[in-house]
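Chemist: I'd like to go over a predicted model; first the sequence, then the structure.
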Amino acid sequence: MKFEIHLDAVVPPDCTFEKVKQAFDAQGWKWAQRITKQESHFNEEIWIAEGDRGAVRYIDDDFLAVTIIRAESNIGGLVATLLQQLEASLPIIYLDDLVDLSKSEDQAKRAFALRGMSAIAEGFYGDVFRALKDATLDPDPRMRGLALRCIARYSWFQFIKVLQEAASRETVPELHAEQLALIEDIRKYGKRGT
């Protein structure tokens, strides 16, 4: 069954597939399908929920190293209900929570937030843009590199100026080359508008 409405959240890196599977099974949801990375962009596991009125996916986004939990349905309110049902047994993290984490002093929390936001934010979202923009100018080259990976996924046309500014300041030759290449990719394939 094809579902038109979805809501995404992420779980922390220490939340294993086995823990997620147990939480899904505990809801009485029926495992339905495995999709491999060769068939799609990600490895996915799908459970059917709520009397076949919805589904929940475990999505392993290895490009951003984050696990996405997606609730799907043709009934708008059901997607939120499905994720809320999991909150007692899984540390579900929504986009607004990731925005808050992106302001943390803890670099690991900020890095996780950047990866999570880039994986689940679909439309242009000012707080996601701000967090990624800030990361392009981070003193740590690992954070700047992560910002480039995240922007490659969340590739809005507005990042061209951000990347041009970052490239004008970049001291690591490999990152400078990646910034310039990403600018060209966004010019060709980026999303426009807000």
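Modeler: Structure's in. What do you need?

Chemist: output the longest helix belonging to the chain.
Modeler: helix 173-189 (DSSP state H).

Chemist: distance from the chain centre to that one, please.
Modeler: Offset of helix 173-189 from its chain centre (CA atoms, centre = their mean, to the nearest Å): 21 Å.

Chemist: tell me which other helices or strands it touches.
Modeler: Packing partners of helix 173-189 (3 or more CB pairs under 8 Å, 6 or more residues apart in numbering; DSSP states H and E): helix 141-153, helix 159-169. To be clear about C-beta, it is placed using only N, CA and C from the backbone, and glycine gets the same treatment.

Chemist: out of those helices, which is the most enclosed?
Modeler: Counting by mean count of other CB atoms under 10 Å, helix 141-153 has the highest mean neighbour count of the helices and strands packed on helix 173-189, with a mean of 20.

Chemist: would you put the C-alpha positions of it in CSV?
Modeler: Taking Å, rounded to 0.1, in the frame of the first residue of the first chain, the C-alpha atoms of helix 141-153 are listed here in CSV:
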residue,chain,number,x,y,z
PRO,A,141,37.8,21.4,10.2
ARG,A,142,35.9,18.1,11.0
MET,A,143,32.7,20.2,11.7
ARG,A,144,33.3,22.1,8.5
GLY,A,145,33.6,18.9,6.6
LEU,A,146,30.4,17.5,8.2
ALA,A,147,28.6,20.7,7.2
LEU,A,148,29.5,20.1,3.6
ARG,A,149,28.2,16.5,3.8
CYS,A,150,25.0,17.8,5.3
ILE,A,151,24.6,20.6,2.8
ALA,A,152,25.1,18.1,0.0
ARG,A,153,21.9,16.4,1.3
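
Chemist: who touches it?
Modeler: Applying CB atoms under 8 Å, 6 or more residues apart in numbering, the external contacts of helix 141-153 come out as 63-64, 107, 110-111, 114-115, 117-119, 132, 135-138, 159, 162-163, 166, 170-172, 175, 178-179, 182, 185-186.

Chemist: buried subset of these?
Modeler: 64, 110-111, 114-115, 117-119, 132, 135-136, 138, 159, 162-163, 166, 170, 175, 178-179, 182, 186 (16 or more other CB atoms under 10 Å).

Chemist: okay, helices next: where are they in this structure?
Modeler: Under DSSP H, the chain gives helices at 17-26, 76-86, 95-101, 107-120, 126-136, 141-153, 159-169, 173-189.

Chemist: so for Ala9, which of the ones you listed sits nearest?
Modeler: helix 76-86 (5.7 Å; CB to CB).
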